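*Asks:* need coordinates for the below:
(chains A and B)
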Protein chains: 2
Amino acid sequence: MKWWGWGDASRSVELPAHALDLLRTELGVSGERRPPAGFEQLEVPEPVLAGKAAQRLADLLGPECLRDDRLTRVTHAAGKGYPDLVRLRGGNVASAPDAVVYPGDARDVRGVLDICGSERVAVVPFGGGTSVVGGVEPVSDGKSGLISLDLGRMAALEAVDERSLTASLGPGMRCPQVEEALGARGFTLGHFPQSFEYATVGGCVATRSAGQASTGYGSIEKLVRGLRCVTPAGEIDLPAIPATAAGPGLRQLLVGSEGVLGVITQATLSIRPVPRERRYEGWMFRTFDDGVEAFRQLEQRGVVPDVARVSDEDETRLSFTLAGGSSVARRAGMRYVRLRGYSGGSLVVIGFEGERAEVARRAALATRLLRRSGGLSLGSAPGRAWRRTRYEGPYLRDALLDRGVMVETLETAHEWSRLLELYGAVRGAIHGALEARGTPGLVMCHVSHLYPSGASLYFTFLARQEEGAEIEQWRAVKSAASDAIAGAGGTITHHHAVGRDHAAWMPTEVGELGVAVLDAVKRRLDPVGIMNPGKLLPLTGDGR
Amino acid sequence: MKWWGWGDASRSVELPAHALDLLRTELGVSGERRPPAGFEQLEVPEPVLAGKAAQRLADLLGPECLRDDRLTRVTHAAGKGYPDLVRLRGGNVASAPDAVVYPGDARDVRGVLDICGSERVAVVPFGGGTSVVGGVEPVSDGKSGLISLDLGRMAALEAVDERSLTASLGPGMRCPQVEEALGARGFTLGHFPQSFEYATVGGCVATRSAGQASTGYGSIEKLVRGLRCVTPAGEIDLPAIPATAAGPGLRQLLVGSEGVLGVITQATLSIRPVPRERRYEGWMFRTFDDGVEAFRQLEQRGVVPDVARVSDEDETRLSFTLAGGSSVARRAGMRYVRLRGYSGGSLVVIGFEGERAEVARRAALATRLLRRSGGLSLGSAPGRAWRRTRYEGPYLRDALLDRGVMVETLETAHEWSRLLELYGAVRGAIHGALEARGTPGLVMCHVSHLYPSGASLYFTFLARQEEGAEIEQWRAVKSAASDAIAGAGGTITHHHAVGRDHAAWMPTEVGELGVAVLDAVKRRLDPVGIMNPGKLLPLTGDGR
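*Replies:* Alright, predicted model coming up:
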């Protein structure tokens, strides 16, 4: 992955001319290129890892598994959130870890944590490095040094239990590796976050991840059967069982622990047979509200699609405008929508996966219900287009940053009864904050994960970057949106996790006492406070 | 509820003559009556609650909500497990609480915990008092006194959100109250544990309960959206949200907390429309293994019944033999089964609930699959019979105890790939332990909760009581069964919770470090150690 953005540098995306026009017109961006700093220009700080720690780590792992070369340190200096990319593109790599270690197994991890505990070295567990909330940001919090613990070597499919439909996976396995290894045996995990290409099993578990098909397959918390986690205080091994009433849910205490308690060294997850059929469809609704209401009914009546996504009017307009592909087909589609009286409406993508007959049955039920709710079928083309471009968001982001456009996403969830109120509050807060900075923006949203009691909202917003004050601009908007979410009673994050960016809202989310409970758990498992400081819990200044 | 057994004394059950014959023949019980001690004979210890604590509690709640009369104390002296009933029937109420308080709301609860914290009085939260694992046993653990905190007054349906399909319920609501209040508005919780008539919302949440229809509706952990819990350190309020990635799962840390962290004062749970159709059917399989395998396929292919139950050969035989109803019909049924070559086989009950068309569709798919797996349809009579008698187990237990029969149940769960191995190990351990005591017994089992990755096993066993050594006898068998469960990798409890009886196996279940994590949480929320001592976590002797 390129150090300053997303994906392989060879697979870069260019903004089409009409998109650039739109950004000029609607956001007032100049469109001039603002390329990232050159690698050779980066001022990477000298590593400060105390000699004894470095030596002990090298003795444990072998010198080839303790790296402190420039490129390795820079590629572990940040996640892939907007402020990360702004800093990296600007050449700011001040937070690069002093070294990166590559343990080969849980025993290595245990050894690394032992050494770092006694030498007071902070440890940032690192999977795919795709966090968009500062989850892998190196924060040493007064420790004598900081290492990144890269799980890339622990990437084996360790076992498949075909009778129980579970697989035990190494934490460093990337999602494509998981699908490839399982697919060869006829199974799928069904977990497809937008960061799919780079996200790892351990990262998904540690951040309580949800994927694009999680409405059907279930988010990672639903898939976890067993977990192993190495903490500074020892190992917790929770074997795979289908269910238990043996006290509080420790598995769910480790899911979402974001590396602050320990390192997940193995996850046993539920798997399914590879679907024989995949059917994706596009629909239009006259309004976002209509589409959301149709989704509520779909979900609550049990006609649950595997993928479900309804874009608000602005996101629909923007995706029609920016869509790639033949502009003839695009215009024909837009004309059809207009003629039927749905222009300015809301685009829906739904997908069904599974056995042929079952997919056909569910799709037929959905068709009836969506039609009755005022939906207009657009056939399979929009579904196919969505599937083709489902992982393109982060590539497009690089192209937008190249042109001086701020682009950020944030998400929440709430009960159906309060979802549109939350939508209005957050949308208004983002617009307001952008306008207050003098950079009025485009704010888009979609609902993309359905539950019987509610759904998630996923916002994307674009604005002209405030040159030289990009981070302040971002922080103002992020903060306004987060306050609006908290004020309307939504969760501060549905699937991006807490990291650094949401830590300040945790007391609102779970109460001061809830935070205190998490802190008590951390103190028990990580008494020296070496594990991923500053994430999830507020920095306390005492090295925790 | 009668103080020495289950249910209203007026609704007592008599063993039919053929059942008594069978117990005489197979277990060697004399069948002579062993009635419980008379209430007036009970030696209830003097209440030792320090005068100041009693006064402060009375000032807080009013004298009518602080009771220490004999009947109130005796009815809060134990749960409804086999050893509880043995002790109670023998007149042993040495552990009766010093007083019982009846808070009216969360503020009252907070006040009670404040007083008990400063006066060092142990508090046992008490819902329906139906624990079968010693979960409400008064253990003062060196405190200056012990009160039972009865949630019976906090029994309101506080809110229903019909759009989000959630209801906020007071912890003291009993399951029938819940169904009545929700039913009046067209909804159901769908939670039907065998203790349904007395079990409360708070108790179900605190014990991570599963009901007879939880294969379809989901066990309580799946239904919990929001929770409020008052702890000695303050209140935790986790509002209802459909899903979140905001860190470790605190909701799931409170579910199953068994009163050792605090008192659940409100639960917001997912609800569903009352099903229009209920369809229950009986099937026979030639062997238990065949039935279990058919269930695995049913569940993993997504044809999930709401109720699913397959009895092993011994349970099938016993339920045919002991079944009430017309013996002509019973014999006709047995003849049919024999003629078709299924005698000595395994009985299956499955139930489908929901919309008419959907029930018909699922039942038809199930029929096809069960037939293909070698099942023989018995029509709807066995299903109706099961539904009619579904809450009768505890009444029957009293009748068995009356005749000197030991009767106990225990349960576990495991992955499909190891379920039958676990079954054999536990069954063998129970038989072996009973034989070693010189009281060979009848051991029965059924699978009754299905998950994609596994299922639960529910054992019932009968033996002649060792007169005068009933508790030692029970402990020997319970211990052997629990060791066998742990040895085969099953969970120590699928839905009875931990209480006192399973606390010793928690280190095997979650590891020493897992127990230490729970202990750290407890120390944070209950620093003086007043909350339900001796449950879930081992007694430490330091008052925790």
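*Asks:* quick check: A:Ala267 is in a helix.
*Replies:* No - using DSSP: H, G, I helix; E, B strand; the rest coil, the secondary structure at A:Ala267 is strand, not a helix.
*Asks:* pretty sure it contacts A:Leu227?
*Replies:* Yes - using Cβ atoms under 8 Å, A:Ala267 is in contact with A:Leu227, at 5.7 Å. C-beta: built from backbone N, CA, C; applies to glycine.
*Asks:* common neighbours of the two, please.
*Replies:* Common contacts of A:Ala267 and A:Leu227 (Cβ atoms under 8 Å, 6 or more residues apart in numbering or on different chains): A:Val205.
*Asks:* of those two, which one has the most company?
*Replies:* A:Ala267 (30 against 26; other Cβ atoms under 10 Å in any protein chain shown).
*Asks:* which residues touch the more buried one?
*Replies:* Residues in contact with A:Ala267 (Cβ under 8 Å, 6+ apart) are A:Ser168, A:Leu169, A:Pro171, A:Val201, A:Gly202, A:Val205, A:Val224, A:Gly226, A:Leu227, A:Arg228.
*Asks:* how about A:Arg475?
*Replies:* Neighbour list for A:Arg475: A:Pro83 [criterion: Cβ under 8 Å, 6+ apart].
*Asks:* related to what we said a few turns ago, out of the contacts of A:Ala267, which is most surrounded?
*Replies:* Across these, neighbour numbers were computed from other Cβ under 10 Å; A:Val201 holds the maximum, 32 neighbours.
*Asks:* around chain B, which positions in the stretch 301-450 of chain A sit nearby?
*Replies:* Within the stretch 301-450 of chain A, the residues that sit near chain B (Cβ under 8 Å from any Cβ of the partner chain) are A:Gly302, A:Gly354, A:Glu358, A:Ala413, A:His414, A:Glu415, A:Trp416, A:Ser417, A:Arg418, A:His449.
*Asks:* which ones are touching the first one?
*Replies:* The contact partners of A:Gly302, by Cβ under 8 Å, 6+ apart, come to B:Gly354, B:Glu358.
*Asks:* ramachandran angles for A:His495?
*Replies:* Backbone torsions of A:His495, given as degrees, to the nearest 10, read phi -150, psi 0.
*Asks:* what sits closest to it if chain neighbours are left out?
*Replies:* Excluding the flanking residues, the one nearest A:His495 by Cβ to Cβ, 6 or more residues apart in numbering or on different chains is A:Ala210, at 3.8 Å.
*Asks:* can you verify the one you found is assigned to a helix?
*Replies:* No - checked against three-state DSSP, A:Ala210 lies outside a helix; its state is coil.
*Asks:* surely it and A:Gln194 touch.
*Replies:* No - taking contacts as Cβ under 8 Å, A:Ala210 lies outside contact range of A:Gln194: 10.4 Å.
*Asks:* picking up where we left off before, are any of the residues of the stretch 301-450 of chain A next to chain B buried, and which?
*Replies:* The neighbour count (16 or more other Cβ atoms under 10 Å in any protein chain shown) marks A:Gly354, A:Glu358, A:Ala413, A:His414, A:Glu415, A:Trp416, A:Ser417, A:Arg418, A:His449 as buried among those.
*Asks:* for the first one, name its beta-bridge partners.
*Replies:* Here A:Gly354 shows beta-bridge partners A:Glu277, assigned using DSSP bridges.
*Asks:* could you do the fourth one as well?
*Replies:* Applying DSSP bridges to A:His414 gives these bridge partners: A:Ala455.
*Asks:* check it and give its pLDDT.
*Replies:* On pLDDT, A:His414 comes in at 98.
*Asks:* now the last one
*Replies:* With respect to pLDDT, A:His449 has a value of 97.
*Asks:* ok, residues contacting stretch A:161-168?
*Replies:* Outside stretch A:161-168, the residues that reach it (Cβ under 8 Å, 6+ apart) are A:157-160, A:182, A:185, A:187, A:189, A:225-226, A:240, A:242, A:266-272, B:296, B:300, B:415-418, B:452-454.
*Asks:* tell me which of those residues fall in strands.
*Replies:* Applying DSSP state E to the contacts of stretch A:161-168, the entries found in strands are A:157-160, A:187, A:225-226, A:266-270, A:272, B:415, B:454.
*Asks:* neighbour-wise, which one of those residues leads?
*Replies:* Neighbour max across the ones in strands among the contacts of stretch A:161-168 (other Cβ under 10 Å) = B:Gly454, 32 neighbours.
*Asks:* how much space between A:Thr409 and B:Gly291?
*Replies:* Relative to B:Gly291, A:Thr409 is positioned 49 Å away (Cβ to Cβ, to the nearest Å).
*Asks:* also A:Asp8?
*Replies:* A:Asp8 is 53 Å from B:Gly291, by Cβ to Cβ.
*Asks:* between the two, which is the more surrounded one?
*Replies:* The residue with more neighbours, out of A:Asp8 and B:Gly291, is B:Gly291; 30 against 10, by other Cβ under 10 Å.
*Asks:* that one should be in a helix, yeah?
*Replies:* Yes - under three-state DSSP, B:Gly291 sits within a helix.
*Asks:* right, and it touches B:Phe285 too?
*Replies:* Yes - between B:Gly291 and B:Phe285 there is a contact at 3.8 Å, judged by Cβ under 8 Å.
*Asks:* now do the shared contacts for those two.
*Replies:* B:Val310, B:Ser346, B:Val348, B:Gly375.
*Asks:* which of those come close to chain A?
*Replies:* Contacts with chain A within those, counted by Cβ under 8 Å from any Cβ: none were found.
*Asks:* neighbour-wise, which of those residues leads?
*Replies:* For the shared contacts of B:Gly291 and B:Phe285, the largest neighbour count, defined by other Cβ under 10 Å, is 31 neighbours, found at B:Val348.
*Asks:* and A:Ala399, helix, strand or coil?
*Replies:* helix.
*Asks:* mind putting the shared contacts of B:Gly291 and B:Phe285 in TSV, secondary structure and pLDDT included?
*Replies:* Listed next are those as TSV, based on DSSP: H, G, I helix; E, B strand; the rest coil; pLDDT from 0 to 100:
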residue	secondary structure	pLDDT
B:Val310	strand	97
B:Ser346	strand	96
B:Val348	strand	96
B:Gly375	coil	97
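*Asks:* sorry, back to before: including distance to B:Arg390, could the buried ones among the residues of the stretch 301-450 of chain A next to chain B go into CSV?
*Replies:* CSV is the format used below for these (distance: Cβ to Cβ, whole Å):
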residue, distance to B:Arg390
A:Gly354, 33
A:Glu358, 31
A:Ala413, 36
A:His414, 37
A:Glu415, 32
A:Trp416, 33
A:Ser417, 34
A:Arg418, 37
A:His449, 36
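*Asks:* now compare these and name the two farthest from each other.
*Replies:* Using Cβ to Cβ, these span at most 32.9 Å, a distance reached by A:Glu358 and A:Arg418.
*Asks:* distance between stretch A:62-80 and the chain's centre?
*Replies:* A distance of 22 Å separates the centroid of the chain from that of stretch A:62-80, by Cα atoms, centre = their mean, to the nearest Å.
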